[in-house]
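Participant: Build the 3D model from these lines:
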Amino acid sequence: MHVVAKRSDGYHDIETCFFPVPWTDVLEIIPSKEFQFSSTGISIPGKEDDNLCVKAFRLLQDAYALPSVKIHLHKIIPMGAGLGGGSADGAYTLRLLNSIFDLKLPTERLRGYAARLGSDCAFFVGDEPMIGTGRGEILTPVSVNLSGYSLVLVKPNVHVSTKDAYAGLSPKKPLRAIKEILALPVADWQRMLVNDFEPTVFQEFPEIEQIKKRLLELGASYASMSGSGATVFALFEKPASLRNGFDGCDYWEGVL
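Facilitator: Numbers count the residues shown, from 1 in each chain. You can find the predicted model right below:
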């Protein structure tokens, strides 16, 4: 995750690789006489109208005069984790509505709507690795083959403010493009593929840094904080059952 420059609109230009992983929420949308939104699982703070699923529905409803629906979200992905869980929910609402009402919106049109919901929402319209630039909404396909690797995600019980994470760093142009680094063997990534947020976030939340160090000690080929945190992800060449070593953390593992 490279933070390249501060923009005049208050956002930052970034360079990152988005990679789809199979840790998901559950989303259901069915026709209804009146609009309804409900959720189970992890409690979602804030007003209903601020939820990205609701915003996504209103966006397409205004554009295509959609009838009312009932949306139910079962929240599994932890919030404030740097995993794009909320963004995925908004994007998949667009995808489901496109299918249910046979809107026949092409991928690029859906990405345009998704980008209006949030900077990283556009990625979740598809299911392939992408290099994200601009605010994260400019997407370019990239070849990243991690087939057979075991992925481990660990999130400690802390919340990292994205705003504070950006405020704590100085944007700079990277020495090498992420796409070039990803073309190298995974064994070379640890010394070259960096997350610019780590130094300042680790200073405030040393427990995140300790998780990264522990995953590397346990044999990870690569480990890094995801986005602005607080999740750390690690790639193992062999299946890794480490749950008992991270008590009190949200934990997920699976083979890619």
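Participant: Kindly state the domain boundaries assigned to the chain.
Facilitator: The chain breaks down by automatic domain parsing into domains covering 26-127, 146-255.
Participant: could you dump those to JSON lines with mean pLDDT, mean neighbour count and distance to residue 136?
Facilitator: C-beta: built from backbone N, CA, C; applies to glycine. What follows is the domains of the chain, written out as JSON lines (pLDDT from 0 to 100; neighbours: other CB atoms under 10 Å; distance: least, CB to CB, whole Å):
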{"stretch": "domain 26-127", "mean pLDDT": "96", "mean neighbour count": "17", "distance to residue 136": "4"}
{"stretch": "domain 146-255", "mean pLDDT": "94", "mean neighbour count": "17", "distance to residue 136": "9"}
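Participant: Of all the ones you listed, which one comes closest to residue 3?
Facilitator: Closest approach to residue 3 among the domains of the chain (CB to CB): domain 146-255, 4.7 Å.
Participant: now do the same end-to-end measure for the closest one.
Facilitator: One end of domain 146-255 sits 9 Å from the other (CA to CA, to the nearest Å).
Participant: Then stretch 59-75?
Facilitator: End-to-end span of stretch 59-75 (CA to CA): 22 Å.
Participant: any idea how far that stretch is from the chain center?
Facilitator: Remark: stretch 59-75 is offset 22 Å from the chain centroid, using CA atoms, centre = their mean, to the nearest Å.
Participant: on that earlier part again, got the domains of the chain as CSV, with distance to residue 7 columns?
Facilitator: Below are the domains of the chain laid out as CSV (distance: least, CB to CB, whole Å):
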stretch, distance to residue 7
domain 26-127, 11
domain 146-255, 9
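Participant: residue boundaries of the strands in the stretch 151-256 of the chain?
Facilitator: 222-225, 232-236, 250-255 (DSSP state E, counting those that start in this stretch).
Participant: Can you check which of these gets nearest to residue 36?
Facilitator: The closest of the strands of the stretch 151-256 of the chain to residue 36 is strand 250-255. By CB to CB, the value is 28.4 Å.
Participant: Which strands border the closest one, and is each parallel or antiparallel?
Facilitator: Under the criterion DSSP bridges, strand 250-255 sits next to strand 150-155 (antiparallel) in its sheet.
Participant: Identify all contacting residues around the partner strand.
Facilitator: Applying CB atoms under 8 Å, 6 or more residues apart in numbering, the external contacts of strand 150-155 come out as 21, 23, 78, 81, 83, 211, 215, 220, 226, 230-240, 242, 246, 249-256.
Participant: just stretch 160-178 next, same as before
Facilitator: Stretch 160-178 is touched from outside by 2-6, 12-13, 15-17, 80, 82, 131, 192-193, 196-197, 199-201, 203-205, 208, 227-230, with contacts defined as CB under 8 Å, 6+ apart.
Participant: could you pull out the helices for the stretch 1-150 of the chain?
Facilitator: Taking DSSP state H, counting those that start in this stretch, the helices of the stretch 1-150 of the chain run over residues 52-64, 85-100, 107-117.
Participant: can those go into TSV with extra columns for distance to residue 41?
Facilitator: Formatted as TSV, these follow (distance: least, CB to CB, whole Å):
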stretch	distance to residue 41
helix 52-64	13
helix 85-100	11
helix 107-117	21
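Participant: Select, out of those, the one closest to residue 33.
Facilitator: That would be, of these and by CB to CB, helix 52-64, which comes in at 14.7 Å.
Participant: Give me the contact list for the closest one.
Facilitator: Taking CB under 8 Å, 6+ apart as the rule, helix 52-64 contacts 27, 35, 37, 48-49, 66, 69, 71, 73, 86-87, 89-91, 93-94, 97-98, 101, 103, 113-114, 116-118, 121.
Participant: Fine, thanks again, bye for now.
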